[in-house]
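Visitor: Give me coordinates for this.
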Amino acid sequence: MKIPEGKFIYFASDNHLGAPTMEASLPREKKFVAWLDEIKTDAAAIFLLGDLFDFWFEYSTVVPKGFVRTLGKLAEISDSGIPIYFFVGNHDLWMNGYFEKELNIPVFHKPKEFIFNDTSFFIAHGDGLGPFDIGYKRMKKVFTNPFFKFLFKWLHPDIGVKIAQYFSVKNKLISGDEDATYLGAEKEWLIQYSNSKLKESHRDYFVYGHRHLPMTVDLENNAKYVNLGDWITYFTYGVFDGKNFELKNYK
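Guide: From the prediction side, this is the model:
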């Protein structure tokens, strides 16, 4: 992808809309929509790296109530011709065609590589990557198993969504969330994972969400690890101008 002069690639992650309640997350949603409204004027593309919602499940004819401001703004931007790319997170991994059909937004369930102006990017939400995290990896296999998803669909949405929302907030193993404290490069799983991918082939940037910690860490051979932070505490996002990547804070 070539970035036109005066245009930018934008990245954001981990809004967790709906948490801890719809009412509590509404101011954050309005702030995020305001950001989207601002960047649409010079965005060449927008990447959303997962956990946009604290819970999302697509029944055959029903999606979770709420989030109309966000969905409407995304539809508007997509309809204007600006490409939006979505990577599912551990809280909204049950996407199954709604974004593609209704919003014309491609959805990725695995890491994906892109090249912008000859700069290579490895992009993912980040859950379940790298060593350890065995409990969550096992649980994710259950969550993504077609048989168990089929069984969950038979629950009435009023019941299924409430159960899922409860566990999304209360159960660390199911959510996959980690304590938002920097552990050091030698203990951060995503940094270890990025270093292992560098041994296969060079990438200039490894960009993730999931950890809720905005940071840029230098890796070998001038590669960089970037975590986008979140829209709960930091309200941070990434900007690539065709040459340089920068983390910024939306106020």
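
Visitor: next one: phi and psi at residue 123?
Guide: Per-residue torsions, residue 123: phi -120, psi 130 (degrees, to the nearest 10).

Visitor: which residue sits closest to it, ignoring its sequence neighbours?
Guide: The shortest distance from residue 123 to any non-neighbouring residue, by Cβ to Cβ, 6 or more residues apart in numbering, is to residue 207 (5.1 Å). (Each C-beta comes from the backbone N, C-alpha and C, glycine too.)

Visitor: Could you do residue 228 as well?
Guide: Nearest to residue 228 is residue 13, by Cβ to Cβ, 6+ apart, at 4.3 Å.

Visitor: What ranges does the stretch 101-250 of the chain have for its strands?
Guide: Remark: strands assigned in the stretch 101-250 of the chain by DSSP state E, counting those that start in this stretch are 107-108, 112-116, 119-123, 205-208, 215-218, 224-227, 236-240, 245-249.

Visitor: avg pLDDT for the first one?
Guide: If I follow you right, that is strand 107-108. If you average the pLDDT over strand 107-108, you get 98.

Visitor: returning to that earlier point: got a markdown table for the strands of the stretch 101-250 of the chain, with mean neighbour count too?
Guide: Formatted as a markdown table, the strands of the stretch 101-250 of the chain follow (neighbours: other Cβ atoms under 10 Å):
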| stretch | mean neighbour count |
| --- | --- |
| strand 107-108 | 18 |
| strand 112-116 | 15 |
| strand 119-123 | 19 |
| strand 205-208 | 25 |
| strand 215-218 | 14 |
| strand 224-227 | 22 |
| strand 236-240 | 22 |
| strand 245-249 | 14 |
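
Visitor: Turn the ones you listed into TSV, columns for distance to residue 185.
Guide: Listed next are the strands of the stretch 101-250 of the chain as TSV, based on distance: least, Cβ to Cβ, whole Å:
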stretch	distance to residue 185
strand 107-108	26
strand 112-116	22
strand 119-123	17
strand 205-208	13
strand 215-218	6
strand 224-227	8
strand 236-240	19
strand 245-249	17
